[in-house]
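**Student:** With the sequence up front, the predicted model follows.
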Amino acid sequence: MIFNYIGNYSLIISVIISLIIIFLSISSLQKINIQIKINLNKLIFFQFFFVLVSFFSLIILFILSEFANITVFNNSHTTKPLFYKISGTWGNHEGSLLLWLLILTFFIFLYFLNSKSRSIKERLLTLIFQEVIIIGFLIFLLKTSNPFNQVFPIPEQGLGLNPILQDPILAIHPPVLYLGYVSTSIIFSSSLGALIQGNVNSLWAKHIKKWILISWIFLTIGILLGSIWAYYELGWGGFWFWDPVENISLMPWLSLTALLHCILVLEKRSLLSSWTIVLSISTFTLSVCGTFLVRSGILNSVHTFANDPERGLFILIFLFILVFLSLVIYFLYEEKLKSNNNNFNLFSKESSILINNWFVMYFLSVILIGTIYPIFLEVLSSQKISVGPPFFNKLIIPFLIPFLIFMSIGPNLDWIKNKNFRKKIQLIIFFILNLILSFTIIKIFGKITLTSTILLAASFYLFFVTFKDLIKKSFKNNSQVISHFGFSLLILSIIMNSILSKEIVTNLKVGEQINFLENTISFKKIESSSESNFKSLVGYFEIDSKNNKKFLFKPEIRIYNQPKVITSEADIKTNFFKDRFLVINLVKGGNYFNVRYQEKPLMIWIWLSTILIAIGGSINFLKRYEK
Amino acid sequence: MKNKYFLIIIGSFFFFCFIVFFKGLKNPSIYIPELQKEKSFPEFKAKDFYSDKKISSVDIFNDNNFYLINIWSSWCIPCRLEHNYLIKLKKQNLIKLVGINYKDNFENAKKFLDELENPYSKIIKDKNGTISIELGAYGVPETFIIDKRKKIIKKITGPINEKIYNEILLIIK
């Protein structure tokens, strides 16, 4: 019980510390000769410390199952395993916001320790912006979603954590994703600070690139974890559904990827400074916008925690204050951005990066429009629609082709500068070879369409070009090459996977069998058992493939008792070439089960290639850190 | 000068977005698909809360009447909150209330009803929660409204509040 008070008051102390920090920073900004304030360092640490105390109090409340706390009551249950009691702390709206704040205060502390090379004024400005964000979220937490609210009389039992969230991957998915989201706030604050000081130059680029890399790596891994979870747990046999929340996590990632490339140009050539600032601002704004869309309940999705208009209104106002604040600062200080370096070569790395930036911006706006268009439509004409995969596929795929081709030739642009005709012709012939290759593959396995052939050819092209780079210059610029190779592998696996996947959906009962693509699927038996927090039904299936290999599948249906939810655990057999995926569902009335069997080629390469992309980023980060 | 116009245009664009989102927040975002609304109410057999006798759902819903099926439990805090609305509904005499007592202890449940008044014309026991699953419920409290044709016309997850109460009144009147 005492932890309720400790947690609550720690949060209030943090608000006070925030106010003191802002006051002190503004007052020292006005002095001409500024001494480095040691007490500021300590204050920032104490703020982090108090949020940490409050976070641990909440964890302890969850471990002890103190149902007097509303958050614990709503999201926990005594029969839940300890691991999920702890992960339940951030598996709900209130707790996850507290985690968000914890990371926010931790990162500003880290930033302040690691930015001694920058001018003190810029650091103070960054600190002020960051504290404004922290205060915003602290007040949001305390006013609309305090995790330490109490109930009386004290309930005997909690309502339980949603079983589809009881999964080890999902326990670490939010923290990782948050690390990514929150570090974009440092980029935002620092870019505004540098803008006001007129410091947006290659030195600043070098300094902020560490933070860009950190958030990019964490966002990449966070999105990957979410999509692995969707594949294994939701039992629909897909890994990306263009669900609003998935889109929302992808948008900051796209903007950040553009920023990551553009910061290179700023670092090496002192170009694109104002574009860099716009991207820094938009990345963070998109992160907060995501929070708004998810938490306000304005969109319907798996991730919607609660529909509380008051919360939505608060974030909405906060979001637009941030937008207007950064817009005004941008336009006031934009003149300081004018760089004297104007020799922009059309056939150079920087222009190819810029072109690819435009493509990324295009993808970003398609996703943004697809996600918020239903809201606009409903408000303006009160029609209800939902935008699904066909919209995104239609608008993204045609533009993916030139994007991939630019991506393959961009990093090697000195070829074109050489005006070496033989090399150009070689490149063209190479592309034609890839066209033939992909045409053959599609002809053997599926239906031929023009777009899918060219798309496959373009991705093969990128794959071979980056693969050649990987072998050739793996010691020179390995992080870029690894990431690009990973990306080509990702696109290639996604395309092959979507073209070549096969599935069958049917109803079977014990003892029956069915033929599918030279496989025989037979339903052997069903067994039921009881676990501590769910009842389980396990089906035994045997699949004989054409080369006389036998696979035993054990898909499971779980009937959780707290709260009452039925989930399907797919059984997936993975090898390097394809995944075999089998999931069963209950059919009401009768002994029949709904059986869905899929063969999905190259599934594991989608995960591996994303990991490769993140590894590339990490190598770059470590290299920078060593320097 | 150019910058100024630019700022005004972008500023008003964002302001427009703000207005749209603000209005969007006011709209209810949860809606049940049309198909689900017309689902017939499944048949089941269960034990009576007081007499422990087995009864079938056909016998319970035999009148030509609107029915409200409310899943509740004595340990459920939100159930306490919605209880007043259930009593108010009962007093309207337009709809019959059927309670499903979800995973509860008989003594506690009885105390709950004695304390807060019993709004239900019939209560059945759902000791292990299977009936609620059959109905497609997510948890407690949850409420279904079925019309005279025995079709589910409304499903309310979570406690009944003033707004939902008024909606129910509109439906049954």
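**Tutor:** Cool, got the structure.

**Student:** Past the helix or strand of chain A with the lowest mean pLDDT, which element shows up next along the chain?
**Tutor:** Of all helical and strand segments in chain A, the minimum by mean pLDDT, DSSP states H and E falls on helix A:414-417, at a mean of 50. Counting by DSSP states H and E, the next helix or strand C-terminal to helix A:414-417 is helix A:421-445.

**Student:** Which element is encountered next along the chain beyond that following helix?
**Tutor:** Following helix A:421-445 in sequence order, the next helix or strand is helix A:450-472 (DSSP H and E).

**Student:** buried ones in that following helix?
**Tutor:** The neighbour-count check on helix A:450-472 (16 or more other Cβ atoms under 10 Å in any protein chain shown) flags A:452-466, A:469-470 as buried. Placement of C-beta: from N, CA and C, glycine included.

**Student:** So which other helices or strands are in contact with that helix?
**Tutor:** helix A:389-409, helix A:421-445, helix A:478-500 (3 or more Cβ pairs under 8 Å, 6 or more residues apart in numbering or on different chains; DSSP states H and E).

**Student:** what about those helices, which gets the closest to chain B?
**Tutor:** Proximity of those to chain B was assessed by Cβ to the nearest Cβ; the nearest stretch is helix A:389-409, lying at 18.8 Å.

**Student:** among the helices and strands packed on helix A:450-472, which is the most enclosed?
**Tutor:** helix A:478-500 (a mean of 21; mean count of other Cβ atoms under 10 Å in any protein chain shown).

**Student:** That helix - what's its average pLDDT?
**Tutor:** Helix A:478-500 carries an average pLDDT of 87.

**Student:** Quickly run through the sheet partners of whichever helix or strand comes after that helix, with directions.
**Tutor:** Counting by DSSP H and E, the element after helix A:478-500 in chain order, helix or strand, is strand A:502-508. Under the criterion DSSP bridges, strand A:502-508 sits next to strand A:593-601 (antiparallel) in its sheet.

**Student:** which outside residues touch the partner strand?
**Tutor:** Applying Cβ atoms under 8 Å, 6 or more residues apart in numbering or on different chains, the external contacts of strand A:593-601 come out as A:237, A:496-497, A:500-509, A:516-517, A:521, A:523, A:526, A:539, A:541, A:543, A:577-587.

**Student:** Next: stretch A:564-574.
**Tutor:** Under the contact criterion Cβ under 8 Å, 6+ apart, stretch A:564-574 has outside partners A:162-164, A:232-233, A:235, A:237, A:541, A:551, A:553-560, A:579-586, A:603-604, B:129, B:132-133, B:137-139.

**Student:** how does it look with 6 Å?
**Tutor:** A:163-164, A:235, A:551, A:553-559, A:579-583, A:585, A:604, B:129, B:133 (Cβ atoms under 6 Å, 6 or more residues apart in numbering or on different chains).

**Student:** Okay, and which of the residues you listed map to helices?
**Tutor:** Cross-referencing these against helices under DSSP state H gives A:604, B:133.

**Student:** From the contacts of stretch A:564-574, list the buried ones, please.
**Tutor:** Looks like these have A:163-164, A:235, A:553, A:555-559, A:579-583, A:604, B:129, B:133 buried, using 16+ other Cβ under 10 Å.

**Student:** looking at chain A, which residue ends up farthest from its center?
**Tutor:** residue A:511 (43.6 Å; Cα atoms, centre = their mean).

**Student:** Am I right that that one is in a helix?
**Tutor:** No. Per DSSP: H, G, I helix; E, B strand; the rest coil, residue A:511 lies outside any helix segment and is coil.

**Student:** Need the pLDDT of the residue nearest to it when sequence neighbours are not counted.
**Tutor:** Once flanking residues are discounted, residue A:511 sits nearest to residue A:523: 6.6 Å by Cβ to Cβ, 6 or more residues apart in numbering or on different chains. The confidence metric pLDDT takes the value 88 at residue A:523.

**Student:** On the C-terminal side of the strand or helix carrying residue A:523, identify the next helix or strand.
**Tutor:** Residue A:523 is part of strand A:519-530 when elements are defined by DSSP H and E. Downstream of strand A:519-530, the next assigned helix or strand under DSSP H and E is strand A:534-544.

**Student:** what comes up buried for that following strand?
**Tutor:** For strand A:534-544, the neighbour count (16+ other Cβ under 10 Å) marks A:534, A:537-541, A:543-544 as buried.

**Student:** likewise stretch A:615-627?
**Tutor:** A:615-621.

**Student:** Would you tell me which one of those residues comes nearest to chain B?
**Tutor:** So of the buried residues of stretch A:615-627, ranked by how close each gets to chain B (Cβ to the nearest Cβ), first place is residue A:617, at 31.7 Å.

**Student:** all helices for chain B, in order.
**Tutor:** For chain B, the helices defined by DSSP H occupy B:2-26, B:34-37, B:57-60, B:77-92, B:106-116, B:130-135, B:162-172.

**Student:** Tell me, how many residues neighbour the nearest residue to residue A:100 once chain neighbours are set aside?
**Tutor:** Leaving aside its sequence neighbours, residue A:100 sits nearest to residue A:178 (Cβ to Cβ, 6+ apart; 5.6 Å). A total of 23 residues lie near residue A:178 under the criterion other Cβ atoms under 10 Å in any protein chain shown.

**Student:** So which elements touch the helix or strand hosting residue A:178?
**Tutor:** Using DSSP H and E, residue A:178 maps to helix A:168-197. Counting contacts by 3 or more Cβ pairs under 6 Å, 6 or more residues apart in numbering or on different chains; DSSP states H and E, helix A:168-197 packs against helix A:93-113, helix A:120-144, helix A:202-233, helix A:273-295, helix A:309-333.
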